[in-house]
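Chemist: Next come a sequence and a model predicted from it.
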Amino acid sequence: MSKTKKKSKAKAKKSSQSLPLVVLNDLAPLPGLVVPLYISKPTSRAAVQAALTSDSRVLLCMQTGGEDRKPSKRNLAPIGGIATILQSVELSNGDYQVDFHVMERATVEGVTSASGVARVVIERVPRSKFITLDKATEKVIADVKAKIKLIAEYEATVQEHLSVIESLYEPGELSDLVCSVLSLEAAESQRILEALEPIERLNLVADLLKRQLEARAITERIGKKAMAGFEREQHQEFLREQIRLLRAELGENYDHEEELLGLTEQLKKLKMPKTAKKEAEKQLRRLRQLHPDTSEAALARTYIDWIVDLPWSRVSKDQIDLKRARLILDEEHYGLEKPKDRILDFLGVRKLRSGSKGPILLLVGPPGVGKTSLGKSIARALGREFVRISLGGLRDEAELRGHRRTYVGAMPGRIVQGLKSAGTKNPVFMLDEIDKIGRDFRGDPSSVLLEVLDPQQNDSFEDHYLNIPFDLSQVMFICTANVTDSIPTPLLDRMETIEISGYTSQEKLEISKRYLVPQEMEENGIADIPVKLSDQSLYHIMNGYTRESGVRELRRSISAVLRKVARTVAEGASPPKVISPKMVQKLVGPVVHIPERRSSKDEIGVVTGLAWTSVGGELLTVEVAITKGKGQLSLTGQLGEVMRESAMAALTHILSQSSQLGIDGGFYETSNVHIHVPHGGIPKDGPSAGIAIATALASVLCRRPVAHNVAMTGEITLRGSVLAIGGLLEKSLAALRYGFDTVIIPKGNERELAEFPKYLKDQIEFYAVDHVEQVFAKALLEPRDEASEATRVVKRPTVRPSKLVT
């Protein structure tokens, strides 16, 4: 021991005394420190009371053996602090709230107990006197003050005492004050308290400040890198903890481990490919390492849920009975014999060879003809689940193939979603409106369908979200479209097209009586009321309120009529037993569509052509007039470029054959020709009006009327040849709908008549031609007296069995 220490001890022996003991557990009583304490232990309360009755002094000392142990010299720190009571408040329960001010150090020499008060025999450690500072000590003091200034920038309590610290130069006092304003651990504070030599204490404080600044620098460096997300994560964690506490209060504890065990068991039971199971187990291991409330855990959990919910091995057992399938098709659809026949062929092959990869069916036809319901009937006949997705307006490839999981809100494509909703891996999957798929910068959805609809490729279809192959080879895909023109050729090549034409008036009548009227009566709540729509009323609704090849608009019109009847019943009035055509107009208003009226007399220069539209066939009236002029051709009625070319070709052919037709070859030099197609507000185009325009020109120039019961369609060449056209069935149905009994068609379309419905061939005479002269011979009548002809009205001829004239 040095001479200085011996002198200090010698002096301290003279200052031995006994003070009441107040034990501290997590704080060292450094001189200068103000310690607010809540006194509740009986021994500490007794110590405070004893101090208050004497000189208000106590000894504050740390106890190392635990708070509940009896104080002794063994479990008390060797150095404590003599403190005076600045303020004390006795509470209602007998406890005290006391503020102690630590004045100086004292060594613990022994512990006594008298009258229930623990007292400590101490020896005061006198304050160190000011010593002459050497350069090394001055440098340490300057270093301590510089470091405390840096700490004061982010510690408000240090900033408050900075001016006092700056004024101190005595090493011991400076060290004590610096430590008293810092937030130190109890062990570090006690170490400073037990350092009695001022210089030693100053060096300890300098080292302590250095470590604090280094720790602060590391914290700031790390904080700058992670500050952007740290506060948000900390706030979210705080909120999650609150949610957990609220759930615990409500008894809704969430067992994350139990759920993970459930997912593990589900994955074990799934019969899935090894690659898929490997990826699922990888994601499950990752999920175990994540906190259940983090966003990454939610993404991993959602991904695993998709894998678990997909039908990797669940299949529906086919129940193929062709007689039952025929009954289902006939029960749910009237007519459509050709599509039904092809569907039964398809099912027959499936029955004989269950594993065969048959063609993809494409049902093509106008809106409302029953394409989607046919798909449902196929599913019912097979005993499979039915899934339908609409592709109309689809432009993003990811809608079918899925989004990659790196995107926010990513999810699988519609193909995988449909399989999940079906619950089996072999449903009947209908891709509706495949002709309305678009494409843009986000990709080409039709390229995805090339893989989906190819039996040689779809056994390993890979969705971007799942990123693992899924077998689509057992899925029965059925596509629908209104037209095939907009379907890419490679995609169309993968499908077998089944044409579904529009319905005739007779078929619509039967469909209305069998399906539409009973269904709409049930829908409108009048199924038990004896109300009947007569056949005349149904015809009136078809012709006056709808203009379509299907029955969708017809259903809505029938529903509108029956809603009025339902309202009458709801108001307490008696409904009509039979709804007549006049009553239909009274209930729903005047007719919307005035039917096209064909001429009832043979006229010169007026010919009825036939046109195809997206809703079926329509009439196309062609009118021609000759006026004086200088050889100009006028085309009106919003004719398209193809139709204009047909008109020029027809006129050129007529001029080239003027001698055979008995026409003045030079008439065109002094006359203008005007060709007009009525309904000028509707654009018209296509090549099939060629023979109609030629016949109208020949009629005007030869002054020969055109038979009013004849309609025609066909393309013409400069040499007068008649070329084949499309949409013949729809055009023929339009001719029947408007009462024509003779239709002139191209020779090239004659083969299609074999597949026409019998009722159509029974009521229309089809006249096949390969040259326009044959058209003139059939359609143009002999010249008559125009005065008497204008007043003569010809009755519609009686319908007779059809005959094909070539």
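Modeler: Structure received. Predicted model, so just to flag it, every value in this text is computed and none were measured.
Chemist: Return the residues in contact with the closest residue in space to residue 410 that isn't next to it in sequence.
Modeler: Spatial nearest neighbour of residue 410, excluding adjacent residues (CB to CB, 6 or more residues apart in numbering): residue 403 at 4.0 Å. The way it works is simple: take the backbone N, C-alpha and C, and place the C-beta from them, glycine included. Contacts for residue 403 (CB atoms under 8 Å, 6 or more residues apart in numbering) come out as 409, 410, 411, 413, 464, 465.
Chemist: did I read that right, residue 403 in a strand?
Modeler: No - counting by DSSP: H, G, I helix; E, B strand; the rest coil, residue 403 is not part of a strand but coil.
Chemist: For residue 396, see how far away it is.
Modeler: Per CB to CB, to the nearest Å, residue 403 is found 9 Å from residue 396.
Chemist: Now do the helices in the stretch 1-150 of the chain.
Modeler: Taking DSSP state H, counting those that start in this stretch as the test, the helices found in the stretch 1-150 of the chain are 3-13, 42-52, 135-152.
Chemist: do you know which of those helices lies nearest residue 493?
Modeler: For residue 493, the closest of these is helix 135-152, at 77.9 Å, according to CB to CB.
Chemist: before we move on, the earlier item: TSV please, covering the helices of the stretch 1-150 of the chain and showing mean pLDDT, distance to residue 578 and mean neighbour count.
Modeler: Output for the helices of the stretch 1-150 of the chain, formatted as TSV (pLDDT from 0 to 100; distance: least, CB to CB, whole Å; neighbours: other CB atoms under 10 Å):
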stretch	mean pLDDT	distance to residue 578	mean neighbour count
helix 3-13	44	126	12
helix 42-52	87	104	19
helix 135-152	82	101	16
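Chemist: can I get those in CSV with distance to residue 425?
Modeler: Output for the helices of the stretch 1-150 of the chain, formatted as CSV (distance: least, CB to CB, whole Å):
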stretch, distance to residue 425
helix 3-13, 89
helix 42-52, 76
helix 135-152, 68
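Chemist: Helix or strand next in line after the one helix or strand residue 762 maps to, which one?
Modeler: In the assignment (DSSP states H and E), residue 762 maps to helix 758-763. Under the assignment DSSP H and E, the closest C-terminal helix or strand after helix 758-763 is strand 765-769.
Chemist: which strands and helices sit next to that next one?
Modeler: Applying 3 or more CB pairs under 8 Å, 6 or more residues apart in numbering; DSSP states H and E, we find strand 765-769 packed against strand 742-746, helix 772-779.
Chemist: so which of these is the most packed in?
Modeler: strand 742-746 (a mean of 24; mean count of other CB atoms under 10 Å).
Chemist: Sheet partners, orientation included, of it?
Modeler: Here strand 742-746 has these sheet partners by DSSP bridges: strand 710-712 (parallel), strand 765-769 (parallel).
Chemist: Could you figure out how far it is turned away from helix 772-779?
Modeler: Angle, strand 742-746 to helix 772-779, by axes from the mean of the first three to the mean of the last three CA atoms, to 10 degrees: 180 degrees.
Chemist: Let's see strand 742-746 as PDB, backbone CA atoms only.
Modeler: The C-alpha trace of strand 742-746 is given here as PDB (Å, rounded to 0.1, in the frame of the first residue of the first chain):
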ATOM      1  CA  THR A 742     -85.900 -20.000-103.700                       C
ATOM      2  CA  VAL A 743     -82.200 -19.300-102.900                       C
ATOM      3  CA  ILE A 744     -79.500 -19.100-105.600                       C
ATOM      4  CA  ILE A 745     -76.200 -20.300-104.300                       C
ATOM      5  CA  PRO A 746     -72.700 -20.900-105.800                       C
END
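Chemist: what is the mean pLDDT for that strand?
Modeler: Averaging pLDDT along strand 742-746 yields 94.
Chemist: neighbours around residue 317, how many?
Modeler: Here the count is done by other CB atoms under 10 Å, and residue 317 has 10 residues near it.
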